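Q: I need the structure of the sequence given here:
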Amino acid sequence: PKILRLSHIQTIDHTSLLNNIKKASHHMSNEFGKDEAILKELREISNKHSQASASSEKENSENDKINRDAANKCEDNKFLCQTGENRDLNQYWYSKNTIKILCSAIREGLSSSEGNRVAFLSTPSLFFSLSSKEREHCTLFDFDTSWESCSGYHFYDYNDPTNVEESCRGAFDLIVIDPPFISQSVWENYAITAKLLMKDNTAQIIATTVDENSILMKDLFGCKPALFRPSIPHLVYQYSVFTNFSSLALADKNSELVEETNGSMGSSKH
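A: Residues are numbered from 1 along each chain as shown. Next comes the predicted model:
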């Protein structure tokens, strides 16, 4: 009987052991499944974090570039830093480097003339980029009345080209022109104004417009295209610079323009 009881006990223990193993195995299987689910969720969270981090880094990089560009513009040109373009007035500013080159050409033009009076027709970015001392001899003719309190500003509407104050007529040695539109009729109105402003019916001219207006520039002002062409970051088409005098400042290609650095002669505003 003891043997029978022992055998019975051993059988019971064996069966219990198997049941416990099965339960443990099932429990482990469930826990393993839970672990896998947790790991999967963690991987998804990690991937989302990585993607968000990469997106954030890209955005930060782009913002850093914008901030660097803004700081670069402000470095030595307060006008570009402080003055936004008014699309309602079709305003597009030249780049900082283009302004620097064109201002050099203006000074160069004055050095070859007998006077120092400059008329800026719809070219505020150039006018305000000169020193305050230089602007004492300059006048800005522009439709944008936001500058009406500035010394040297005169309201100008190309639709009324002869509406020029008597004190300004025949007073200028150099005239810089960049109309808000490129059509022939607009340019002809600007030419009427320019001829009223010229001293002794002649003046040095710097004008910017599209290459397609080359013949028009020659007919209106006797201007030829310069090798240097302006960079106008927010304008979708390329302008050229036209002058009726030789300028060393405008004798080299603009390194800002990709097509210039590639050696091609492609064709960019104020």
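Q: counting neighbours, what do you get for Ile106?
A: Neighbours of Ile106 under the rule other CB atoms under 10 Å: 25. C-betas here are computed from N, CA, C, even on glycine.
Q: which strand or helix spans it?
A: Using DSSP states H and E, the element containing Ile106 is helix 96-111.
Q: next helix or strand past that helix?
A: Stepping forward along the backbone from helix 96-111, the first helix or strand reached (DSSP H and E) is strand 118-121.
Q: restrict that following strand to CA atoms and write it as PDB.
A: Output of strand 118-121 as PDB, limited to C-alpha atoms (Å, rounded to 0.1, in the frame of the first residue of the first chain):
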ATOM      1  CA  VAL A 118      21.400 112.600 -59.000                       C
ATOM      2  CA  ALA A 119      17.800 111.800 -59.700                       C
ATOM      3  CA  PHE A 120      16.500 108.400 -58.600                       C
ATOM      4  CA  LEU A 121      13.300 107.500 -60.500                       C
END
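Q: just after it, pick out the following helix or strand.
A: Where DSSP H and E defines the elements, the next helix or strand beyond strand 118-121 is helix 124-127.
Q: dump that next one to CSV, restricted to CA.
A: C-alpha atoms of helix 124-127 as CSV (Å, rounded to 0.1, in the frame of the first residue of the first chain):
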residue,chain,number,x,y,z
PRO,A,124,14.5,103.8,-53.5
SER,A,125,16.9,100.9,-52.6
LEU,A,126,19.7,102.8,-54.3
PHE,A,127,18.8,106.2,-53.0
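Q: for it, packing partners?
A: The helices and strands touching helix 124-127, judged by 3 or more CB pairs under 8 Å, 6 or more residues apart in numbering; DSSP states H and E, are helix 78-82, helix 96-111, strand 138-142.
Q: buried deepest among these, which one?
A: For those, the largest average neighbour count (mean count of other CB atoms under 10 Å) is found in strand 138-142, namely a mean of 24.
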